[in-house]
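*Asks:* structure, please.
(4 chains, ligands or ions: 2)
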Amino acid sequence: MEDLKLTLKFSSGAELMIKDEIRADAGTKTGDLELTRTLPATTDGKPTIAKDLLEFIRDNLIKDRQEDFYDKEKLRPGILVIINGSDWEVEDGPEYRLQNNDTVEFISTLHGG
Amino acid sequence: MEDLKLTLKFSSGAELMIKDEIRADAGTKTGDLELTRTLPATTDGKPTIAKDLLEFIRDNLIKDRQEDFYDKEKLRPGILVIINGSDWEVEDGPEYRLQNNDTVEFISTLHGG
Amino acid sequence: RHATGNKLSNEAIGRYSRQLLIPEIGMQGQLKLRNSSVLVVGSGGLGSPCALYLASMGIGRLGLVDHDVVDQSNLHRQVLHTEASCGVSKVVSAATALTRLSSMCDVRAHDVLLDSTNAKEIMRGYDVVVDATDNAATRYLVNDACVMLGIPLVSGSAVRLDGQLTVYNYNGGPCYRCLFPTPPAPDATANCSETGVLGVVPGVIGCLQAMEVVKIVTERKREEEPSLLLFSYRSQPHFRKIKLRMRKPTCAVCGDSPTVTGLVDYVAFCGAGPSDN
Amino acid sequence: RHATGNKLSNEAIGRYSRQLLIPEIGMQGQLKLRNSSVLVVGSGGLGSPCALYLASMGIGRLGLVDHDVVDQSNLHRQVLHTEASCGVSKVVSAATALTRLSSMCDVRAHDVLLDSTNAKEIMRGYDVVVDATDNAATRYLVNDACVMLGIPLVSGSAVRLDGQLTVYNYNGGPCYRCLFPTPPAPDATANCSETGVLGVVPGVIGCLQAMEVVKIVTERKREEEPSLLLFSYRSQPHFRKIKLRMRKPTCAVCGDSPTVTGLVDYVAFCGAGPSDN
Ligand SMILES: [Zn+2]
Ligand SMILES: [Zn+2]
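*Replies:* Ligands and ions are numbered 1, 2, ... in the order given. Model (predicted):
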């Protein structure tokens, strides 16, 4: 099976969770962050799902307190996951089977006004 | 060659140019109008271009004073043509060679405020 | 002048004539606006434009809730207020401005901190509630009260250069807790005083909140699926619409077997309250 | 208080503190806003919110042009005015309201009908011009004068439930005449008095015009390609961005060999003028 090429976006404040050097590489020290990453099509012998991507992001992209981002099946509160323009719960949430060229976005809910 | 299936949209007031019965059929007596029409892939032995579509619309969809819509290579002033999300002049304007599944929109420029 | 019923006064016909001309609004729509009551929680960056346009377009009764006073550092975004109203209660300042614009709007000012002891009493009876607040604790409070009272909630937010807009608890769609069952860590909730906001960002979102209210009141909103509008000064395009989940049967407040059936202590729940902003 | 130069007063630092906190604005951006002058042509449905937010965010000098007086039927969308200002000049009413909000903004009111005899004189020296007018003749006039004076033009419009927004004459992009070389037939130009407008529609567009001004003044706009933003209460999604052509070398006014080199009679050109609305 082929690898999965994924576009990852972080915005509305979610970009602040990402390591400074990765943000610097992307040329956006301030502002929305867009990255491309490749994941294997299978993880532990099963098709790669959204949950596997969250673990990949936690282990490779998150700046500090990685376990706060995703641990024990729990995503950090206040983060919305959007897969190809839809709330991931419209798809299968953490169980969503990732496809090549998917776009997965992470946005922070905003409280100010 | 196959026929061209086109999506035609009329909004911001441009929908008011279209025959009442066509608007009634589309279920939108008020509001944006979306139609699907099929044109032959070639016109007079040549590939069908945007200009041919304008003539088709003039002859089949426009309510009255059809020649005001498009005549002698002139489109009615104040109408903007948008092909697949871009101003048609970004594409080749009246010479644009239509493709199957293209979306062509007509919007009226607004002057009020 | 604060009439109800099925007829507009001649004065109202003159005043709203430009809206009466629109087929999608017309006399029926204008009467629906006039016979509606809307509560705007927060008279700040979002509440200013939202309340202005709700009053101007002809909403019959407009409630305002805020416990704060106007500060000079508010004026870059809270355009309902004035330099002269610095130090004055925000709802008093706002009510004065709104009444100057339209004496046809019955404005009711609640100069209190909305909390679990008074929220239902204040909110009960309104047709629509607008969340124009600035902290997570009040957002959960307003959401839960709207679910319990069966009122649709037009929720907007704005921080830095970004804004968000959703209608909750409406037409089978989610409530705020369906999307965010767990409150964020207190240190993660950026607000405008700490991280700043460009004045016009809540301006855009507040206007769109007023538009959502019109869509709900005139029943046009019924045709739409639940969605979240994302806005950013920084992104191209500036606006994006995200499709949202429907109501979650497992939601603690709007679900099939709710575990939250009364208002709780939201400051404790969120670990931070409105006054920590 | 209408300072210029490369330093903000302590009062301004307090007032704009929430914008100074944003990296994309910060002290440099706030100084650029303070050192800028913007002319808003039209103090109606678009000009009201646009001027409000330009003044609140800290634009240093704000010019207003309008020859009309406030009418009761304006108040559903022209939220800068009040019932008490009915019958009063719109620019006087607007300047009063803006100064109440911010005495730091130097507001200059031009209570005249902009025409080919006075347009260049009034517009010269401004860094950005906002088209918040309501008729085709004035739109061509303002466009041509902006091209001749080399000023970017932030153009908004709103009718019924629809709005449009474009920046013309900027960064290699088109001018209004590049897109619309020929004026529409007079009977085809719907305006707000004839066909109506929902109050909040120009509210949304006017706010976005103010945002485009900020993007131009802070130079962020340089990175963007020419585009047209379409907004409609009726459509889903409500906003769409259309990619526009670049400047047309054959354009009669901004082209390589312009045929229109001075302001002309726009009422004759369009077959209808501002007073026919
Ligand atoms: Zn719920
Ligand atoms: Zn041009």
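
*Asks:* which residues of chain A fall in strands?
*Replies:* Using DSSP state E, the strands of chain A run over residues A:4-11, A:33-39, A:42-43, A:46-47, A:70-71, A:74-75, A:79-83, A:86-87, A:103-108.

*Asks:* now chain C
*Replies:* Counting by DSSP E, the strands of chain C are C:37-41, C:61-65, C:106-110, C:128-131, C:153-159, C:162-168, C:227-232, C:239-243.

*Asks:* export these as TSV, with columns for mean neighbour count, mean pLDDT and distance to ligand 2.
*Replies:* In this view, the C-beta of every residue, glycine as well, is placed from N, C-alpha and C. Compiled in TSV, these are given as follows (neighbours: other C-beta atoms under 10 Å in any protein chain shown; pLDDT from 0 to 100; distance: least, C-beta to the ion, whole Å):
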stretch	mean neighbour count	mean pLDDT	distance to ligand 2
strand C:37-41	26	98	44
strand C:61-65	24	98	45
strand C:106-110	19	98	47
strand C:128-131	27	98	42
strand C:153-159	29	98	36
strand C:162-168	26	98	33
strand C:227-232	22	97	30
strand C:239-243	18	96	27
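
*Asks:* of these, which is nearest ligand 1?
*Replies:* Closest to ligand 1 of the strands of chain C is strand C:162-168 (C-beta to the ion; 7.9 Å).

*Asks:* which elements pack onto that closest one?
*Replies:* Judged by 3 or more C-beta pairs under 8 Å, 6 or more residues apart in numbering or on different chains; DSSP states H and E, the packing partners of strand C:162-168 are strand C:153-159, helix C:200-217, strand C:227-232.

*Asks:* any low-confidence regions in the chain?
*Replies:* Unless you meant another one, I'm taking chain A. Applying pLDDT under 70 to chain A picks out residues A:1, A:28-30.

*Asks:* hmm, no, I was thinking of chain C.
*Replies:* Residue ranges of chain C with pLDDT under 70: C:1-4, C:187-192, C:275-277.

*Asks:* where does it get nearest to ligand 2, which residue?
*Replies:* Closest approach between chain C and ligand 2, counting by C-beta to the ion: C:Gln236, at 23.3 Å.

*Asks:* how about the residues of chain C that lie near chain B?
*Replies:* Taking C-beta under 8 Å from any C-beta of the partner chain, the part of chain C that reaches chain B is made up of C:Pro23, C:Glu24.

*Asks:* which single residue of chain C ends up nearest chain A?
*Replies:* C:Pro184 (3.4 Å; C-beta to the nearest C-beta).

*Asks:* from what I can see that residue touches A:Thr109, true?
*Replies:* Yes - C:Pro184 is in contact with A:Thr109 according to C-beta atoms under 8 Å; the separation is 7.4 Å.

*Asks:* shared neighbours of those two, anything?
*Replies:* Shared contacts of C:Pro184 and A:Thr109, defined by C-beta atoms under 8 Å, 6 or more residues apart in numbering or on different chains, comprise A:Gly78.

*Asks:* counting neighbours, what do you get for C:Tyr7?
*Replies:* Not Tyr; residue C:7 is Lys. By other C-beta atoms under 10 Å in any protein chain shown, the residues close to C:Lys7 number 12.

*Asks:* for it, phi and psi?
*Replies:* Main-chain torsions, C:Lys7, degrees, to the nearest 10: phi -140, psi 140.

*Asks:* quick check: closest non-adjacent residue to it.
*Replies:* In space, and not counting its chain neighbours, C:Lys7 is closest to C:Leu31: 7.8 Å by C-beta to C-beta, 6 or more residues apart in numbering or on different chains.

*Asks:* residues near that neighbour, how many?
*Replies:* C:Leu31, neighbours per other C-beta under 10 Å, totals 19.

*Asks:* who's in contact with it?
*Replies:* C:Asn6, C:Lys7, C:Leu8.

*Asks:* with adjacent residues omitted, what lies nearest to the first one?
*Replies:* Distance criterion C-beta to C-beta, 6+ apart; nearest residue to C:Asn6, sequence neighbours excluded, is C:Leu31 at 6.3 Å.

*Asks:* distance of the nearest residue to A:Lys5 once chain neighbours are set aside from A:Ser11?
*Replies:* Spatially, and ignoring its direct neighbours in sequence, A:Lys5 is nearest to A:Thr38 (5.3 Å; C-beta to C-beta, 6+ apart). The gap separating A:Thr38 from A:Ser11 is 22 Å, by C-beta to C-beta, to the nearest Å.

*Asks:* one more: C:Ala84?
*Replies:* Distance, C:Ala84 to A:Ser11, using C-beta to C-beta: 39 Å.
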